[in-house]
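Trainee: The following block contains a protein sequence and its predicted model.
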Amino acid sequence: MPRYEYRCRSCGDTFELSRPMAESAAPASCPEGHDDTVKLLSTVSVGSGAKGGAPAPAAGGGGGGGCCGGGCCG
C-alpha cells in the first residue's frame, strides 16, 4: 500500500499515512488531531539494479557523445 506524506499547517508536524491510491486525496488529520493538513509532493527513485548507482556505459564504446562523439569535429 502506498505511503503519503502530509504536513499540518496548524502545528507544522510532518507525518506519513499508508492508504489506498483511491484515498490519496482524502483529508488527513495530523497525529495531534488538527484537520488543516496538506499532502506533500514526494519523489520516487527507481534504480537499475547496477552496483554503484552509475549508469551502464553505452554500447559500442567510443565514449563521448555530442559533437565530437558523432564525428563532426574537424
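Mentor: Nice, I can see it. Note that the structure is predicted; figures quoted are calculated from it, not measured. Residues are numbered from 1 along each chain as shown.

Trainee: all helices of this protein, in order?
Mentor: Using DSSP state H, the helices of the chain run over residues 66-69.

Trainee: What is the least confident helix or strand in it?
Mentor: When the helices and strands of the chain are scored by mean pLDDT, DSSP states H and E, helix 66-69 comes last with a mean of 58.

Trainee: So what's the residue count around residue 28?
Mentor: 18 (other Cβ atoms under 10 Å). In this view, the C-beta of every residue, glycine as well, is placed from N, C-alpha and C.

Trainee: List phi and psi for it.
Mentor: phi -130, psi 130 (degrees, to the nearest 10).

Trainee: which residues sit in contact with it?
Mentor: By Cβ atoms under 8 Å, 6 or more residues apart in numbering, residue 28 lies in contact with 4, 6, 17, 37, 39.

Trainee: Repeat the analysis, applying 10 Å as the threshold.
Mentor: By Cβ atoms under 10 Å, 6 or more residues apart in numbering, the contact set of residue 28 is 4, 6, 8, 15-17, 19, 35, 37-39.

Trainee: Tell me where the model's unsure across this structure.
Mentor: Residue ranges of the chain with pLDDT under 70: 44-74.

Trainee: hmm, 80 instead?
Mentor: Along the chain, segments meeting pLDDT under 80 span 42-74.

Trainee: mind saving the C-alpha coords of stretch 20-27 as CSV?
Mentor: Only the C-alpha atoms of stretch 20-27 are listed here, as CSV (Å, rounded to 0.1, in the frame of the first residue of the first chain):
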residue,chain,number,x,y,z
PRO,A,20,-5.0,3.0,-1.0
MET,A,21,-4.3,5.2,-4.0
ALA,A,22,-8.1,5.8,-4.4
GLU,A,23,-8.0,7.6,-1.0
SER,A,24,-4.8,9.6,-1.7
ALA,A,25,-6.7,12.9,-2.0
ALA,A,26,-8.9,12.3,1.1
PRO,A,27,-8.4,14.7,4.0
